[in-house]
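J.: 3D, please:
(chains A, B and C)
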Amino acid sequence: MARTEEVLESAGRRRRSFSPRYPGWLTTPSLLYYAIFFLGPLAILVAFSLATQTGFDAISYGFDTSQYHLVTDSLYVKIFERTLLMAGGGSLLTILVGYPIAYWMARYLSTYKLLALLLILVPFWTSFLIRTYALKIILDPHGYLAEDLGIDIMYTKWAVAVGLVYNYLPLFIIPVFASLERMDWSLVEAATDLGAKPYNAFRQITLRLTLPGVVTGALLVFIPMSGEYIIPNILSGGNYEFVGNVIGDQFASAQNQPFGSALSISLMIALSGFVALYILFATKEERFGA
Amino acid sequence: MTDDLNQLNILAPRETKPQMDRLYHDVVRAVGHPLSRRSALGLGGLALLAACGTKTGNGATGGSTAKSDALAGKPLENHLEIFNWSEYDDPSTYKKFMALPAEAKAGLKIHETYYSSNDELLAKLNAGGTTYDVIAPSQNAVAQLIETHKLMKLDPSLIPNLKYLDPKFLKPSYDPTGEYHVIKDYGITMFFYNNQIITEKPQTMLDFYHLLPKYVSKGRTNLLDGAEEIVPLALLALGLDANTDSSSDFDQVTKFLMSIRKGVTTITSSSYIDDAIAGKIILSQGWNGDVRRIVQGRKKQGDITAVLPHEKSEIWADNWCIPATAPHPVAAHAWINWLCTPSTAVTEMNYHNYGIPIPQALAKLPTSLSKDPLFNVPSSYTDNYEYILNVSPQVVQERTRIYTQFRAA
Amino acid sequence: MSSRGTDSAYDVEFRTVTKRFGNLTAVNAVSFQVRQGEFLSLLGPSGCGKTTSLRMIAGFEQPDEGEIVIGGVDAVGTPPYRRDVNTVFQQYALFPHLTVLDNVAYGMKQKGVGRSDRYQRAREALELVRLTGREKHKPSMLSGGQQQRVALARALVNRPRVLLLDEPLGALDLKLRKEMQIELTRIQGEVGITFIYVTHDQGEALSMSDRIAVMSDGVIEQLGTPAEIYDRPRTAFVADFIGEMNFLEGTVSRTEDGEYDVTTAGGVVVRARGEATRGQAVKVGIRPARMRITGATDDGVVNAARAAVDTKMYLGDEVQVVATLGDGTQVVIREQRAGADAPHDAIRPGDPITIQWDRNAPVLLAETPTEQQE
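T.: The predicted structure is shown next:
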């Protein structure tokens, strides 16, 4: 992309003429923050996961991998599968709901574009929990939706899916909106001019060029959906446990910190796999700067 | 007990929790019904994840050695730190206590903070460094706290009003010597059904389980949530020991639970109340206080039959205990003694609608309460019921495993 | 392409086409025809309606009134993808995610042309625009001129009835633009496709077009060959927009034998060939190159005026003098320098001079365009 060349070029120029050195110590506060509040808890979690429980309120630290073996028990594998499947389905639904909104805002709104964006974001400023409770009222088996429209999905996986989409939609819309904002619509005109029917022009040009935004947005919602705890708790009626709920149960009622920690670390590893895939995709996309 | 409102702790600063809880109760009250034991009270939970991290000690703090008889004759302290379920005691109980002659003279002031689940309480105490004088754990937590030496032996000489308590509640299975607790209130687990739809007359918990697969297509069915409910209740229904640690018992109960899994629509301990009052639930377990509300709420339709199970079921109790590290043990004993006063018990029962086993107090209640078997459960039933205990880490973990398997099915 | 070869003499025809955007009338009852195989430029300043006209031919905009006939068929309502026209966009609009070859083959892919066939034809098109060896590159790796060639190949490869070009050279530097102008005329000559070319650059329009439509405020001021437009501008706007023009205002004082005189307020008499109405206040235009400086100082001679020199500037082979007439009108005179000792080498600012012109130099200008067909 020409822009990249320009940037590289100007960076090169700057190096030749005037190059202020970035003082490394400026990063110290950030690094400290990360060390204490990110790496610290992670280290504790890892230490827990390798410890052995010796009684209520008593664990002995060591290098005991038995908790990880327990994670591979078919029961927990099944819950992992279900969680990732639900998060994947939720992400897909989010794409189907979010993309048209982002498209409409980016392409057809001008004066009210920022207002629309604000309205999309407003629910995000409310507590997650309160929003989910609000959803519970809407999905209530004796609410309008259930009694007048016959959509009685409370306590099913569909309720969980609706909850996932509703709560994470803004997180998806923002990056997709940004990529649609950068979209050069004359490319779509060029495509139709060259004989592409509207659907083909959308698929081959618009969707293709905003794909990086879509993938980013989908990953941005997929990750927290996979770690979801509250939504299945409130909306599934105890029927659709996510890994997060099992982890919660292990820490709370089972008082089994080693196993809860092992589950957490395993989830993190699984999700890291998806992030790695994303990075691979992003690097490939960057090469032609679409 | 993975219950809805748990996350309040994470989303709001901890110090606002009492306000948040109050807000919730105001909402619940406004909707028109009083407290439910573990729904309204059962707030919080994940906050204990935070508490876990601090210091998971090899922490056998030598609590039990705290000699209670050394307390006799010691002066009353001027402060009392209570760690309690929120809104669990009548406000006048606090005011009147501080106005008692000795307490007033000592200038005693009460400070109360709240927890929302036994797990949270346990996590707090396990983390150590607490300055609570009085706590109100449920029976399973009491057993565990005794085992881990977290409780102070009570001095009976400082609790003369113990004499009013029904002797049957002095030495329960969770505190066989009766040295560590005084019962606060108690209840039982039962079930109810819609008698317009279900024509059988189920009498036992086993009857209840057997009806689930048959009627699930006719409407919502519900089980009480939590590993410590799902598994022990099924064990009791099968005539096994609720607190068993036998793997063959666990195998049997797992098989049984999976066989009725398809008959269960929801697994919740809170939302079943409103839904049942709205007529949406046809068959469900419930705690007696909640079921009482449901029956009252459906009085007009008269279609709910509440069943106190014959044979086995669960009896539960919340209890007053003093942590081994309590800085104001004399005041704590005075508080417990005050709560055992029959007049206080009457006030309390009118407030929270759960039974306190003080015969003199029960006699002073309005008959609408004292004659209601859903409130004053006849001892012919409770004598057969069992307390569910946190027997050992292995048992608790096995229950959780079965519970997870059941929910995931 | 299917409708190619209908018997209409025109590839594109506008019949009183009007297009409004809110309160703004972008194109106002415009009519014109584009002949088969011709290179027609729509020339005008920004906002004159030329791009809107082009977009209506492409199908991106629909007219509010009137008809647009493409290949003898009314195209109003036909979407862009069903029109036998292709566009070369101002910023090229190349698909950044496709290779050069796939960009060029895109149109054929939409029409279902087989893979090897369309790549074959795409390569031929790239040869036509003289861009080979870059087939596998992404557009971002090409220079502006190369991207321009890809855009051209991508449109031409479909062999449209009409090729629409929307200021395609605007983003190129001067040297490249000159080069591409020659390329475009060469290519048009080779393929014989009708070109409709939108530009605001009169030099570009004059050098490339068969005919030029000069547009202003949503109407066509004049449509004609470059020579007609340059030599016989109908309106002051056209005269001014196409090259430089000196304007003299006055009253028609005499008409006789296919000639007329216009006398200005300063007493200058302009005599010119043509028809005019006696007594009418008019404006005449004379190109700077048609004026010359003489030594004579006679008064009362027609087609001559006395003036004072303001500035003098050498432009290589030409010299440009700006002078002020007696009535304050400023004029520009541009003369070839005959040699090192040309007479006006001695002219200095402030010197009095006399300006003369032939009687076929002045052009009578109308204030508003009159309706004209062909």
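J.: residue in chain B nearest to chain A?
T.: Taking Cβ to the nearest Cβ, chain A has its nearest neighbour within chain B at B:I267, 2.8 Å off. Quick note: C-beta positions are derived from backbone N, CA and C, even for glycine.
J.: Need the nearest residue in space to that residue, chain neighbours excluded.
T.: Ranked by Cβ to Cβ, 6 or more residues apart in numbering or on different chains and with sequence neighbours excluded, the top spatial neighbour of B:I267 is A:G238, at 2.8 Å.
J.: try B:G239
T.: Closest to B:G239 by Cβ to Cβ, 6+ apart is B:K312, at 6.8 Å.
J.: And for B:R261?
T.: Among residues not flanking B:R261 along the chain, B:A409 sits closest, at 4.7 Å (Cβ to Cβ, 6+ apart).
J.: Distance of that neighbour relative to A:S74?
T.: B:A409 sits 12 Å away from A:S74, going by Cβ to Cβ, to the nearest Å.
J.: Neighbour count: the two, which is higher?
T.: Higher neighbour count among B:A409 and A:S74: B:A409, with 14 against 9, using other Cβ atoms under 10 Å in any protein chain shown.
J.: Report how many residues lie close to A:G227.
T.: 17.
J.: residues in contact with it?
T.: Residues in contact with A:G227 (Cβ atoms under 8 Å, 6 or more residues apart in numbering or on different chains) are A:242-244, A:267, A:271.
J.: Relative to chain C, how far out is it?
T.: 33 Å (Cβ to the nearest Cβ, to the nearest Å).
J.: correct me, but the residue nearest to B:R261 touches B:M258?
T.: Yes. Judged on Cβ atoms under 8 Å, B:A409 makes contact with B:M258 at a distance of 6.1 Å.
J.: any idea how far the residue nearest to B:G239 is from B:Q285?
T.: 13 Å.
J.: more crowded one of the two?
T.: Between B:K312 and B:Q285, B:Q285 has the larger neighbour count (other Cβ under 10 Å), namely 27 against 20.
J.: Correct me if wrong: the more buried one contacts B:T189.
T.: Yes. Taking contacts as Cβ under 8 Å, B:Q285 lies within contact range of B:T189: 6.3 Å.
J.: Show me whatever sits in contact with both of those two.
T.: Joint contacts of B:Q285 and B:T189 (Cβ under 8 Å, 6+ apart) are B:224, B:229, B:233.
J.: Select only the buried ones of the residues you listed in PyMOL?
T.: In PyMOL, this line selects whichever of the shared contacts of B:Q285 and B:T189 come out buried by 16 or more other Cβ atoms under 10 Å in any protein chain shown:
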select buried, chain B and resi 224+229+233
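J.: Just the ones in helices from the shared contacts of B:Q285 and B:T189, please.
T.: Taking DSSP state H as the definition of helices, the shared contacts of B:Q285 and B:T189 contribute B:229, B:233.
J.: can you list the shared contacts of B:Q285 and B:T189 in JSON lines and add distance to chain C and pLDDT?
T.: Shown next, in JSON lines, are the shared contacts of B:Q285 and B:T189 (distance: Cβ to the nearest Cβ, whole Å; pLDDT from 0 to 100):
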{"residue": "B:L224", "distance to chain C": "56", "pLDDT": "92"}
{"residue": "B:E229", "distance to chain C": "57", "pLDDT": "92"}
{"residue": "B:L233", "distance to chain C": "60", "pLDDT": "96"}
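J.: export the shared contacts of B:Q285 and B:T189 to a markdown table and tack on distance to chain A?
T.: Compiled in a markdown table, the shared contacts of B:Q285 and B:T189 are given as follows (distance: Cβ to the nearest Cβ, whole Å):
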| residue | distance to chain A |
| --- | --- |
| B:L224 | 10 |
| B:E229 | 10 |
| B:L233 | 14 |
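J.: Below-threshold pLDDT in chain A: ranges please.
T.: The model of chain A has pLDDT under 70 over residues A:1-19, A:286-290.
J.: sorry, back to before: got a pLDDT number for the residue nearest to B:G239?
T.: pLDDT, B:K312: 92.
J.: One more: B:H181?
T.: Reported pLDDT for B:H181: 96.
J.: Looks like it contacts B:W320 (just checking).
T.: Yes. The criterion here is Cβ under 8 Å, and B:H181 meets it with B:W320 at 6.7 Å.
J.: do you know how far A:V165 is from C:L40?
T.: For A:V165, the distance to C:L40 equals 54 Å [Cβ to Cβ].
J.: what does chain C have sitting close to chain A?
T.: C:58-60, C:79-81, C:85-87, C:89, C:91, C:93-97, C:106-107, C:110-111, C:138, C:140, C:154-155, C:158 (Cβ under 8 Å from any Cβ of the partner chain).
J.: filter those to the buried ones?
T.: For those, buried by 16+ other Cβ under 10 Å: C:58-60, C:80-81, C:85-87, C:89, C:91, C:93-97, C:106-107, C:110, C:138, C:140, C:154-155, C:158.
J.: Can you pick out the ones from those that are in helices?
T.: Counting by DSSP H, those place C:58, C:106-107, C:110, C:154-155 in helices.
J.: Make JSON lines out of these and add pLDDT.
T.: Putting these into JSON lines (pLDDT from 0 to 100) gives the following:
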{"residue": "C:A58", "pLDDT": "96"}
{"residue": "C:Y106", "pLDDT": "97"}
{"residue": "C:G107", "pLDDT": "96"}
{"residue": "C:Q110", "pLDDT": "95"}
{"residue": "C:R154", "pLDDT": "96"}
{"residue": "C:A155", "pLDDT": "95"}
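J.: Keep only those residues that also lie close to chain B.
T.: Among these, chain B is touched by none when using Cβ under 8 Å from any Cβ.
J.: Closest one of those residues to A:P141?
T.: A:P141 has its nearest neighbour among these in C:Q110, at 50.4 Å by Cβ to Cβ.
J.: what pLDDT does the residue of chain C found nearest chain B get?
T.: Here chain C gets closest to chain B at one residue, C:H97, 42.6 Å apart by Cβ to the nearest Cβ. In this model, C:H97 is scored at 93, pLDDT.
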